[in-house]
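A.B. asks: Give me the fold of what follows.
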Amino acid sequence: QLQPVESGGGSVQPGGSLRLSCAAPGFAFGYSSIAWFRQAPGKEREGLLCINTSGDTIRYADSVKGRFTVSRDDNQHTVYLQMNMLKPEDSGVYYCAAPMAYAACSANSDHYDYWGQGAQVTVSA
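C.D. replies: Predicted coordinates for the structure are as follows:
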């Protein structure tokens, strides 16, 4: 079964950092774009960033500009979301998602076929 697996969530104080990992064994990983989404309580799932097969990052959310970065290690079949200068409004469940192989990035969650189980991030004093 193809399903990405997130790890690295937790609780942090405002201004702190966390790094989430998205492991995707069994994927044709080198041919897969990987996106990160966030769902805050009572809100719709929001696309944040996506990294394509060339390693280019596409940012969809202005709220993470200058604070969140995404990278990939194709040898480890893993994509990372580095989150710095965290704010309380960054709290939520973070998901990584992959479309079918060779598909491009998109901010639309319907574009993605494979979703991780989610990682909780809580930012509070």
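
A.B. asks: since we're on the residue lying closest to residue 114 once chain neighbours are set aside, how many residues are nearby?
C.D. replies: Nearest non-adjacent residue to residue 114, counting by CB to CB, 6 or more residues apart in numbering: residue 98, 4.5 Å away. Yep, even glycine has a C-beta here, placed from its N, CA and C like the rest. Neighbours of residue 98 under the rule other CB atoms under 10 Å: 26.

A.B. asks: Contacts only, for residue 98.
C.D. replies: Counting by CB atoms under 8 Å, 6 or more residues apart in numbering, residue 98 touches 4, 24, 27, 32-35, 112-114.

A.B. asks: which two of these lie the greatest distance from each other?
C.D. replies: 27 and 35 (13.5 Å; CB to CB).

A.B. asks: between the two, who's got more neighbours?
C.D. replies: Set residue 27 next to residue 35 and count neighbours by other CB under 10 Å: residue 35 wins out with 29 against 17.

A.B. asks: Fine by me, thanks again.
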